[in-house]
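>>> coords below, sequence missing:
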């Protein structure tokens, strides 16, 4: 995650990944580390961390919740992202 955004291309392993997904190009997969989660576990990581999961072979949905932090002094171009919500 410390080297920034890397180039992406179409996914190659269609047995483990959906055809509509992209993958980071030129990654050394020998350094890959599996993170096994149990039911109810949660994982937080930086969006620049190279991450993936294998094909969901269960009959259940795989759920995710994505949250983005934007500093108060960031320049925001999109109008829909400028709306502020009270936390009270």
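Everything's here; your move. Everything quoted here is computed from the prediction, not taken from an experiment. Numbering: from 1, shown residues only.
>>> So which helix or strand of this protein has the lowest pLDDT on average?
Within the chain, confidence by mean pLDDT, DSSP states H and E is lowest for strand 22-24 among all helices and strands, at a mean of 87.
>>> Partner strands of that strand and their direction?
Strand pairing for strand 22-24, determined by DSSP bridges: strand 8-10 (antiparallel).
>>> avg pLDDT for the partner strand?
For strand 8-10, the mean per-residue pLDDT is 90.
>>> Contact partners for residue 56?
Listed by C-beta atoms under 8 Å, 6 or more residues apart in numbering, the contact set of residue 56 reads residue 62. C-beta: built from backbone N, CA, C; applies to glycine.
>>> Distance of it relative to residue 81?
30 Å (C-beta to C-beta, to the nearest Å).
>>> follow-up on the earlier one: residues touching the least confident helix or strand of the chain, excluding its own?
Residues contacting strand 22-24 (C-beta under 8 Å, 6+ apart): 6, 7, 8, 9, 10, 11, 12, 17, 50, 52.
>>> which of the residues you listed has the most neighbours?
residue 17 (17 neighbours; other C-beta atoms under 10 Å).
>>> low pLDDT regions in the protein?
Regions of the chain meeting the criterion pLDDT under 70 are absent.
>>> swap the cut-off to 90 and go again
1-9, 11-34, 36-37, 39-88 (pLDDT under 90).
>>> Okay, helices next: where are they in this structure?
Counting by DSSP state H, one finds no helices in the chain.
>>> burial of the residue lying closest to residue 76 once chain neighbours are set aside, as a residue count?
Spatial nearest neighbour of residue 76, excluding adjacent residues (C-beta to C-beta, 6 or more residues apart in numbering): residue 82 at 5.5 Å. The tally of other residues near residue 82 (other C-beta under 10 Å) stands at 8.
>>> Isn't residue 82 up against residue 75?
No: judged on C-beta atoms under 8 Å, residue 82 makes no contact with residue 75 at a distance of 10.6 Å.
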